[in-house]
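> Quick one, structure for this:
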Amino acid sequence: MAAGSAAVRALAALDVGGTADKISLIPQDFFAELCEQIIQHLNHEIPGINTAELCQRIQTSGIEINAGDLAKIANIFSFLFSTAARNNLSTEELVITLGNAVSTLPKHALQVIRHVWNEQGKSISVSEDARNTASVGQFVDMKWKLGVAMSSDTCRSLRFPYVAVTLRVADPSGQITDKSFEMSIPQFKNFFRQFKEMAAVLETV
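Sure thing, here's the model as predicted:
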């Protein structure tokens, strides 16, 4: 089965660095939420997979797992689900492929994958156009606040006003990350002016 072979190769990475062991730590409800977010991202229903927020909730429940491990798991299953969708794998074919590739995958994870794929697997769209447009990141949200600098590499004096900006972006793999930076008031005014110019151009389109 060519499709199964492709999925087996994709899953070979699960045993690298004890990733399968990390999966066994994730409670069933959290793993189900992760898989559902992956399906939604592949269907372009959400801009990305918020592994940082999910990781924080898992840690709050008392489970020791870091965001890097959860992001790696998300990448592996995102690739697995997209490969399975491209090759029209049935639920049984997917579960068999998983069993052949990763013998240490916990039973509760297989149950979640079976359920999620049976319910939502056929809905995944993996057109060539969608794969091509996924080669760049996507803007999700922006937050800003006005503050007063107590120490700064760019401000010459203390108590200098600045604007702190946090951009939330989804990278091509679907991982959502926050990018933060600070600007002086003149820098922010220039930033704002460029946004106004962009808006003016868009109104002519």
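
> Contact partners for the residue positioned nearest the centre of the chain?
Residue closest to the average C-alpha location in the chain (CA atoms, centre = their mean): Gln175, at 2.3 Å. Listed by CB atoms under 8 Å, 6 or more residues apart in numbering, the contact set of Gln175 reads 48-49, 51, 71, 74-75. Backbone N, C-alpha and C define where each C-beta goes, glycine included.

> run the last query once more with 7 Å
Listed by CB atoms under 7 Å, 6 or more residues apart in numbering, the contact partners of Gln175 are 48-49, 51, 71, 74.

> Go through those and flag which are in helices.
Judged by DSSP state H, helices contain the following of the contacts of Gln175: 51, 71, 74.

> was I right about the last one contacting Leu54?
I take that to be Ala74. No. Applying CB atoms under 7 Å, one finds Ala74 not in contact with Leu54, separated by 8.7 Å.

> Tell me the secondary structure at Val165.
Following DSSP: H, G, I helix; E, B strand; the rest coil, Val165 is assigned to strand.

> about what we covered before: enumerate the beta-bridge partners assigned to the residue nearest to the centre of the chain.
Ile49 (DSSP bridges).

> Okay, it and Gln37: tell me how far apart.
Look at Gln175 and Gln37: by CB to CB, to the nearest Å, they are 11 Å apart.

> Check which element follows the lowest-mean-pLDDT helix or strand in the chain along the chain.
Sorting the helices and strands of the chain by mean pLDDT, DSSP states H and E puts helix 128-133 at the bottom, at a mean of 44. Scanning forward in sequence from helix 128-133 by DSSP states H and E, the next helix or strand is strand 138-149.

> what does that following strand rub up against?
Counting by CB under 7 Å, 6+ apart, 47-48, 155, 158-170, 176 sit against strand 138-149.

> one more time with 10 Å, if that's ok
Identification of contacts with strand 138-149 by CB atoms under 10 Å, 6 or more residues apart in numbering yields 44, 46-48, 50, 155-172, 174, 176-180, 182-185, 188, 191.

> sorry, back to before: any idea how far the residue nearest to the centre of the chain is from Gln56?
Following CB to CB, the distance that separates Gln175 from Gln56 is 15 Å.

> And for Ile124?
27 Å.

> ok, now Leu110?
Going from Leu110 to Gln56 by CB to CB gives 26 Å.

> For Met183, grab phi and psi.
When read as degrees, to the nearest 10, the backbone of Met183 gives phi -130, psi 150.

> quick one, helices of this structure?
When secondary structure is read from DSSP H, the chain shows helices at 2-11, 19-25, 28-42, 51-60, 67-86, 91-101, 107-120, 128-133, 185-203.

> Serialize the ones you listed to JSON lines and add fields for distance to Trp144 and mean neighbour count.
What follows is the helices of the chain, written out as JSON lines (distance: least, CB to CB, whole Å; neighbours: other CB atoms under 10 Å):
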{"stretch": "helix 2-11", "distance to Trp144": "40", "mean neighbour count": "17"}
{"stretch": "helix 19-25", "distance to Trp144": "35", "mean neighbour count": "18"}
{"stretch": "helix 28-42", "distance to Trp144": "26", "mean neighbour count": "20"}
{"stretch": "helix 51-60", "distance to Trp144": "20", "mean neighbour count": "16"}
{"stretch": "helix 67-86", "distance to Trp144": "24", "mean neighbour count": "21"}
{"stretch": "helix 91-101", "distance to Trp144": "44", "mean neighbour count": "18"}
{"stretch": "helix 107-120", "distance to Trp144": "36", "mean neighbour count": "17"}
{"stretch": "helix 128-133", "distance to Trp144": "28", "mean neighbour count": "10"}
{"stretch": "helix 185-203", "distance to Trp144": "8", "mean neighbour count": "11"}
